[in-house]
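Student: Need coordinates for the below:
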Amino acid sequence: MFVFIAGKGVVTSIGKNASENLASLRAQQAGISKLSLLTSRYADTLPVGEVKITNQELAALAGLNPTFSRTALLSCIAAEEAIANAAIPDLKKWRMGFLSANTVGGMDQTEDGAQANGAEVAASEVAHHPMPSSRRKD
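Tutor: Predicted coordinates:
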């Protein structure tokens, strides 16, 4: 059995794609800062690696409904970059796997729920964030 890494895709606080991330790493650019797009009660106390793109902009880039979590939107954009980067002709005829690492898994929706309710959010409420009924925009 052989394993080949055929394509890569990434969206982080230091770049919107693999080449931007590499350039930022070479320039020793930090991606940790205060929150500017997302809301959190920890915004003034904890630095984060926030992707400085709004959910609406991410949804447009991904071709998805903006009700998806940032994690889903970021993952979709990175996956599409990886597939394009692989440039495999006749992609569907090959047996393949997909390796993915992503963000904190819907924390934006968790924070929104906590702020709306004015209380702590129970773990059972965030075990699975709701999925919208439509994945693609019309």
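
Student: how about low-confidence regions in this protein?
Tutor: 102-138 (pLDDT under 70).

Student: Which stretches in it count as helices?
Tutor: Using DSSP state H, the helices of the chain run over 18-26, 55-62, 70-86, 107-117, 123-126.

Student: Surely V10 touches N17?
Tutor: Yes - V10 is within contact range of N17, at 6.8 Å (criterion: Cβ atoms under 8 Å). (Glycine included, C-beta is placed from N, CA and C.)

Student: contacting residues for A18?
Tutor: Going by Cβ atoms under 8 Å, 6 or more residues apart in numbering, A18 touches 8-10, 81, 85.

Student: neighbours of A72, just the number please.
Tutor: A72 has 23 neighbouring residues, counting by other Cβ atoms under 10 Å.

Student: Count the residues that sit near the closest residue to it other than its chain neighbours.
Tutor: Once flanking residues are discounted, A72 sits nearest to L64: 7.2 Å by Cβ to Cβ, 6 or more residues apart in numbering. Neighbourhood size, L64 [other Cβ under 10 Å]: 19.

Student: next one: the one 10 residues further on
Tutor: Using other Cβ under 10 Å, L74 is surrounded by 22 other residues.

Student: cool, and V11?
Tutor: If you count neighbours by other Cβ under 10 Å, V11 ends up with 26.
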